[in-house]
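A.B. asks: Mind folding the following:
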Amino acid sequence: MIQLIGLTEIPEINEGHNISEVIVAALARQEMVLDQTDVLVIAQKIVSKSEGRLVNLQEILPSEKAIQLAKKSGHSPQHMEVILREATNVLRCENGVVITRTRHGFICANSGVDSSNVPGGSTVCLLPIDPDLSAKKISLGITLSTNVNLPVIICDTFGRPWRNGAINLAIGSWGINPLRDYRGELDSEGISLKSTQIAVVDELACAAELIMNKLDRVPAVLVRGYINKDRSGCIRESMLRKEGEDLFL
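C.D. replies: As a prediction, this is how the structure comes out:
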């Protein structure tokens, strides 16, 4: 059985906050003891804030390309400039939507640049520079304080092709294999599976969002009861398709 436990005792996060210490303190305030089957799912926004990934749009000088794309996207030229700086290329820009490939390799709207839940009307939040490394630092910091090896997943909200409704996806992870690989195993008819790989970190991120909710100020969730047999791998190594392997671009 899997349980979802929201961490509600987390204060407003600012640049320089140590997320590991914040999580350990929140656990103590909620009188919770970590279990060896726990996985921490944490919202990208508080990780980015702690790492100083906020930008004041009033300080941004837009390029000519940003000015032109802003007319199609509905964003301000300054906002569009930040989106471009976080992208390696723009895949679509129409009907008020900008789809980019980020420097991390993610395909998402607006390069993950977001203006929700950040202070000031002209501030936007960027994704962590290296989400896998961020997850590693948080995990190791918590382990040092609690003596429990706690896998960490950093999640963000992504849209999906051909379906309405956004979902939480893992953008960084540490201490858990992102994929459950069934290839070579036999199905119920004794047939060897050839292609089945389940993105367990995305599934856990989606489950955690049921507790997080965009409006409830629950930026971290413990998923308890997942049997994590393989602690190797990270998002960049395991989850991202190479450009030549993507069938839809």
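A.B. asks: How is the chain partitioned into domains?
C.D. replies: 3-51+130-240, 54-124 (automatic domain parsing).
A.B. asks: Next, format these as JSON lines and append mean neighbour count.
C.D. replies: In this view, the C-beta of every residue, glycine as well, is placed from N, C-alpha and C. What follows is the domains of the chain, written out as JSON lines (neighbours: other CB atoms under 10 Å):
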{"stretch": "domain 3-51+130-240", "mean neighbour count": "18"}
{"stretch": "domain 54-124", "mean neighbour count": "17"}
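A.B. asks: following the helix or strand of the chain with the lowest mean pLDDT, which helix or strand comes up?
C.D. replies: When the helices and strands of the chain are scored by mean pLDDT, DSSP states H and E, strand 179-181 comes last with a mean of 76. Using DSSP states H and E, the helix or strand that follows strand 179-181 in sequence is strand 197-199.
A.B. asks: Sheet partners, orientation included, of that following strand?
C.D. replies: Applying DSSP bridges to the sheet, strand 197-199 is found paired with strand 179-181 (antiparallel).
A.B. asks: what ranges do the helices span in this protein?
C.D. replies: 19-29, 44-50, 64-73, 77-85, 131-146, 200-212, 235-238 (DSSP state H).
A.B. asks: Spatially nearest residue to the residue sitting nearest the centre point of the chain (excluding sequence neighbours)?
C.D. replies: Geometric centre of the chain, nearest residue: C155, 2.5 Å, by CA atoms, centre = their mean. The shortest distance from C155 to any non-neighbouring residue, by CB to CB, 6 or more residues apart in numbering, is to A205 (3.9 Å).
A.B. asks: before we move on, what about G96?
C.D. replies: G96 sits nearest to G74 (CB to CB, 6+ apart), 4.3 Å away.
A.B. asks: Could you export the helices of the chain as TSV, including mean pLDDT and distance to R224?
C.D. replies: Shown next, in TSV, are the helices of the chain (pLDDT from 0 to 100; distance: least, CB to CB, whole Å):
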stretch	mean pLDDT	distance to R224
helix 19-29	97	12
helix 44-50	96	21
helix 64-73	92	41
helix 77-85	96	37
helix 131-146	97	14
helix 200-212	95	11
helix 235-238	88	22
